[in-house]
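In: how would this look folded up:
(2 chains)
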Amino acid sequence: MPAPLTAAPRRRFPSGIRLVDYTLTGWTALVMGFLYLPIIVLVAYSFNRSRLNIVLESFTFAWYQRVWENGPLLRAAQNSLLIATVSTVLSVLLGTGGAWLLHRYRYRGARSLQTLVAVPMVMPEILMGISLLILFATAGMGLGFTAVIIGHVTFSFPFVLVAVQARLKGLDPAMEEAALDLGATPLQAFMLVIVPCLRPAIVAGALMAFTLSWDELIVTFFTTNAASATLPIRVFGMAKVGLNPMLNALSAIFIVATAAFVLFSNYLKKLSR
Amino acid sequence: MSTMVDLRAVTKRFGSFTAVNDVSLEIAEGEFLTLLGPSGCGKTTLLRLIAGFDTPTEGSVWIGGEDVTHLPPYRRPVNQVFQSYALFPHLTVAENVGFGLRMQHIDKTEAAARVTEALALVSLTGLDARKPHQLSGGQRQRVALARALVCRPKVLLLDEPLSALDAKLRRSMQLELKRLQRQLGITFVFVTHDQEEALTMSDRIAIVNGGRIEQLGTAHEIYHRPATRFAADFVGQANLLEAQLLLQDSECVRVAVTGGLELTLPLAAWPAGATVALIAMRPEKVHVSKSRSSTAFAPGAANIFQARIEEEIFQGATDHLILVTAAGTRLGVVVANESALGDIFHAGDLVYCGLHTDDLVVVKAE
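Out: So this is what the prediction gives:
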């Protein structure tokens, strides 16, 4: 390929001053390094035979095997998966339904309701954790799966609601009327026309809810019991005792899983277009 | 012909705003009725009251002899074509058209046959599997039409369905809608702010202004005999002249209009006992000629006067002239561009104008 063709698109905004160009390039590299270097180091050490996270010795899969053989850790992963799935489903139902009610109907207190719904998104998790703990204790409800799921839904459904609301604002109001006009009841109009129109927002909200629940530590800490301990709780417990290369391996698995998750959701987005 | 839609003393208020003010309207079976008016006049609210998206504050709505005032839209025998078309983006053309049949639990093979038939009716055969975003504006419009017609409604409501199309497509769709309506014999209620559209398609036009129907009549009646200043001004163009009574005999009245021009009207046209009134004059009713003896002044053209052309605006098929009479009255006049060899009018020319007494219409000032 001739040189000008490859060179031209690279410098779209030449500053004209070589020093500025170099500085900006360097700065970008620094930021990217800052973001990704820890992850790279972590993955590298997960294959390191040494127990210490300082010296690189020889290559090994031993830590991955240790993760695989660690019963409590695997059970915690199962718990996390269960809790994240259930709380995502509940968040989608509550968030989508709530967004529709706030968008479609006019009633007294709708505005304050809107504000109140958004509060859990910005409230410090430690406050949420403590208040939920007090609530469950007062209500005489035991801690465990139900308590954790309620806690997770409380802070993740507003994210679904906000995403769906944004989509609803751009939706043609005639869409629902057209469905009603063609003989659909309000429920049919919602399920058969509105929900499909909202699908991208619902998927985005669900991904958000799942991710929030999957790595949540503080609220879970206040509401869990031994049987329902999630992965973050277990990892936090292990890290307190001392950094173990097994955690590196576990983290590396997480990173790959998350990356796969993101790629998959991007793929879904492309499909829906 | 029996009445299909009957609005009885319908009023609709939104808070303190009255969108529809005590409207009574009977629409006959198989009629093409147009609600014509400027934006915000209440015509869309009237349509929504028939569709069932709004309930009247007062009065009742009857369709096919049945009181539907409190029936929800999904229980009314009407279907609507929306201004935005409101096609369901996640469904194919065939699924969009079949949606209403699916809601009615119509047998699948029959539904498929009716969808095919409806798509053929609007010349969209072969596009069944497309999604709405893969269609042109005109095609989307046809899908919306097919989707409404496939349900075989007693009344089809159309809310400015042509406003998003370009001028040429709009004209061909006007004729096609009219053809469809004749072929199917369905009652059409059409909402528009475009007077040309209304004149082209309608059996009757209701002029809506300020939440009321100002005039209801055929296109001819509305155009030639406007009842109010608004009707005269909104449909077509009109010279609106304040007239002062000068003399009156057993057959005619003589009046002086704004600027001083004197005109003669039949006595029957003049409101009994009035001394002042508002007169509407269509610009093409004034015959213009360079010579007084022209054949253009047929018998009965009792109003003949001289005027000078102040401005001439060439518009292809017609010539738009602005005249100032000797007395000082300004008139807008439209003449046909019959031949480049005939009378050609230029600014500054002195011309003779003839006007039938019957072409002067007294309209209500408000």
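In: Just want the most central residue of chain A.
Out: When CA atoms, centre = their mean is applied to chain A, the residue found nearest the centroid is residue A:211 (2.1 Å).
In: Doesn't that one lie inside a helix?
Out: Yes: the assignment for residue A:211 is a helix, going by DSSP: H, G, I helix; E, B strand; the rest coil.
In: From residue A:266, how far out is it?
Out: Computed with CB to CB, to the nearest Å, the distance linking residue A:211 and residue A:266 is 14 Å. To be clear about C-beta, it is placed using only N, CA and C from the backbone, and glycine gets the same treatment.
In: Please apply the same query to residue A:23.
Out: 33 Å.
In: Return the residues in contact with residue 179.
Out: Answering for chain A, as no chain was given. Under the criterion of CB atoms under 8 Å, 6 or more residues apart in numbering or on different chains, the neighbours of residue A:179 are A:188, A:189, A:192, A:193, A:194, B:88, B:99.
In: doesn't it fall inside a strand?
Out: No: applying three-state DSSP, one finds residue A:179 to be helix, outside a strand.
In: State the pLDDT value of it.
Out: At residue A:179, the model reports a pLDDT of 97.
In: Equivalent analysis for residue A:234, please.
Out: pLDDT, residue A:234: 89.
In: Does it touch residue A:70 like I think?
Out: No: with contact defined as CB atoms under 8 Å, residue A:234 does not count as touching residue A:70 (9.1 Å).
In: which other residues reach the helix of greatest length in chain B?
Out: Identified as the longest helix of chain B according to DSSP state H is helix B:167-184. By CB under 8 Å, 6+ apart, the residues outside helix B:167-184 that reach it are B:32, B:121-122, B:137-138, B:141, B:145, B:149, B:156, B:158, B:162, B:165, B:188, B:190, B:197, B:200-201.
In: Does stretch B:138-156 reach chain A?
Out: Yes: legend: contact between stretch B:138-156 and chain A by CB under 8 Å from any CB of the partner chain is shown at B:147, B:148, B:151.
In: Which of those residues fall within helices?
Out: B:147, B:148.
In: Does the residue nearest to residue B:140 when sequence neighbours are not counted lie in a helix or a strand, and which?
Out: Among residues not flanking residue B:140 along the chain, residue B:85 sits closest, at 5.0 Å (CB to CB, 6 or more residues apart in numbering or on different chains). In this structure, residue B:85 sits in neither a helix nor a strand according to DSSP states H and E.
In: Show the backbone phi and psi for residue B:85.
Out: When read as degrees, to the nearest 10, the backbone of residue B:85 gives phi 70, psi -40.
In: repeat for residue B:129
Out: According to degrees, to the nearest 10, residue B:129 has phi -90, psi 0.
In: pLDDT score assigned to it?
Out: 93.
In: isn't residue B:24 right next to residue B:11, touching?
Out: No: with contact defined as CB under 8 Å, residue B:24 and residue B:11 do not form a contacting pair (10.5 Å).
In: residues shared between the contacts of the two?
Out: residue B:59.
In: The two: which is more packed in?
Out: Using other CB atoms under 10 Å in any protein chain shown as the criterion, residue B:24 and residue B:11 rank with residue B:11 on top: 16 against 12.
In: can you list contacts of stretch A:255-265?
Out: A:39, A:42, A:43, A:203, A:207.
In: Show me the helices in chain A, by range?
Out: A:3-7, A:18-46, A:62-69, A:71-104, A:110-122, A:125-138, A:145-169, A:174-181, A:186-189, A:195-214, A:218-223, A:231-241, A:245-272.
In: Take the ones you listed and lay them out in CSV including distance to residue B:177.
Out: As requested, those are exported to CSV (distance: least, CB to CB, whole Å):
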stretch, distance to residue B:177
helix A:3-7, 55
helix A:18-46, 60
helix A:62-69, 70
helix A:71-104, 32
helix A:110-122, 41
helix A:125-138, 59
helix A:145-169, 33
helix A:174-181, 18
helix A:186-189, 27
helix A:195-214, 28
helix A:218-223, 60
helix A:231-241, 63
helix A:245-272, 35
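In: between those helices, which one is nearest to residue B:221?
Out: With CB to CB as the measure, helix A:174-181 is the member of the helices of chain A nearest residue B:221 (32.0 Å).
In: Helix A:71-104 and the closest one, what's the angle between them?
Out: 80 degrees (axes from the mean of the first three to the mean of the last three CA atoms, to 10 degrees).
In: tilt between helix A:174-181 and helix A:195-214?
Out: 120 degrees.
In: Tell me which residue lies nearest the centroid of chain B.
Out: residue B:198 (3.0 Å).
In: and the helix or strand harbouring it, how far from the chain's centre?
Out: Using DSSP H and E, residue B:198 falls within helix B:195-201. Distance of helix B:195-201 from the chain centroid (CA atoms, centre = their mean, to the nearest Å) equals 5 Å.
In: Touching it from outside, list them.
Out: So helix B:195-201 is in contact with B:32, B:34, B:36, B:162, B:170, B:174-175, B:177-178, B:181, B:190, B:192, B:205, B:219, B:222-223, B:234-236, going by CB under 8 Å, 6+ apart.
In: before we move on, the earlier item: wait, which of the helices of chain A is closest to residue B:63?
Out: Short answer: helix A:174-181, nearest of these by CB to CB, at 13.5 Å.
In: burial count for residue 32?
Out: The chain I'm using is chain A. Neighbour count of residue A:32, defined by other CB under 10 Å: 10.
In: I was after chain B.
Out: With other CB under 10 Å as criterion, residue B:32 counts 22.
In: which ones are touching it?
Out: Counting by CB under 8 Å, 6+ apart, residue B:32 touches B:178, B:181, B:187, B:188, B:190, B:201, B:202, B:203, B:204.
In: Just the buried residues of the lowest-mean-pLDDT helix or strand in chain B, please?
Out: The weakest-scoring helix or strand in chain B, judged by mean pLDDT, DSSP states H and E, is strand B:287-289 (a mean of 85). Under the neighbour-count criterion of 16 or more other CB atoms under 10 Å in any protein chain shown, strand B:287-289 has B:287, B:288, B:289 buried.
In: Which secondary structure elements does that strand sit against?
Out: In terms of contacts (3 or more CB pairs under 8 Å, 6 or more residues apart in numbering or on different chains; DSSP states H and E), strand B:287-289 is packed against strand B:350-355.
In: Note down every partner strand of the strand it packs on and its orientation.
Out: strand B:287-289 (antiparallel), strand B:303-315 (antiparallel) (DSSP bridges).
In: Touching that strand from outside, list them.
Out: With CB under 8 Å, 6+ apart, strand B:350-355 has contacts from B:263, B:281, B:285-292, B:294, B:296-298, B:301-309, B:323, B:325, B:331, B:333, B:345.
In: Can I have the buried ones of the residues you listed as a PyMOL selection?
Out: To isolate the buried ones among the contacts of strand B:350-355 in PyMOL, judged by 16+ other CB under 10 Å, type:
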select buried, chain B and resi 263+281+285+286+287+288+289+297+301+302+303+305+307+309+323+325+331+333+345
